[in-house]
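Asker: curious how this folds, go ahead:
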Amino acid sequence: MSQDVSTLDVFILDKAYKIACPPSEQDNLRRAANYLDRKMREIRGSGKIMGLDRIAVIAALNISHELLALRQQSQGENVSSADIATLLKRMENALAETAETNLV
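Answerer: Below is the predicted model of the structure:
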């Protein structure tokens, strides 16, 4: 038996998004949207990254890092935070360079 799907409004950086979601998953979707909103606000607040698309990419990378670290820990593998931090820093630098290039 398939569940009905309804739409839910979520707000990320004060912008509304309508997302199709089964009623049983709406609380999880709200929590995920709130978490993403918080992460994006932190990044925007740092003042280092400009542009909504770049903020979203960095937030996605940070959240992906958190997820992968948790998965690896649950599997008993060692996680190299330094390697992941280096990768994130390289991505931030590349995005910043791209932003500077686009401004010229």
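Asker: tell me how many other residues crowd M40.
Answerer: Residues near M40, counting by other C-beta atoms under 10 Å, number 21. To be clear about C-beta, it is placed using only N, CA and C from the backbone, and glycine gets the same treatment.
Asker: that one sits in which helix or strand?
Answerer: helix 26-46 (DSSP states H and E).
Asker: the very next helix or strand once past that helix - contacts with which helices or strands?
Answerer: Where DSSP H and E defines the elements, the next helix or strand beyond helix 26-46 is helix 52-74. In terms of contact count using 3 or more C-beta pairs under 8 Å, 6 or more residues apart in numbering; DSSP states H and E, helix 52-74 is assigned the packing partners helix 26-46, helix 81-103.
Asker: before we move on, back to that, and the contacts of the helix holding M40?
Answerer: 6, 8, 10-13, 17, 19, 21, 49, 55-56, 58-59, 62-63 (C-beta atoms under 8 Å, 6 or more residues apart in numbering).
Asker: which pair of the residues you listed spans the longest distance?
Answerer: Farthest pair in the contacts of helix 26-46 (C-beta to C-beta) is S6 and I49. Separation: 34.0 Å.
Asker: ok, the two, which is more surrounded?
Answerer: Per other C-beta under 10 Å, whichever of S6 and I49 has more neighbours is I49, with 20 against 11.
Asker: pick out the shakiest of the helices and strands packed on helix 52-74, pLDDT-wise.
Answerer: When the helices and strands packed on helix 52-74 are compared by mean pLDDT, helix 81-103 comes last with a mean of 65.
Asker: where's the dip in pLDDT among the contacts of helix 26-46?
Answerer: Among these, I49 has the weakest pLDDT, 82.
Asker: correct me, but that residue touches E92?
Answerer: Yes - using C-beta atoms under 8 Å, I49 makes contact with E92 at a distance of 6.6 Å.
Asker: joint contacts of those two?
Answerer: I58.
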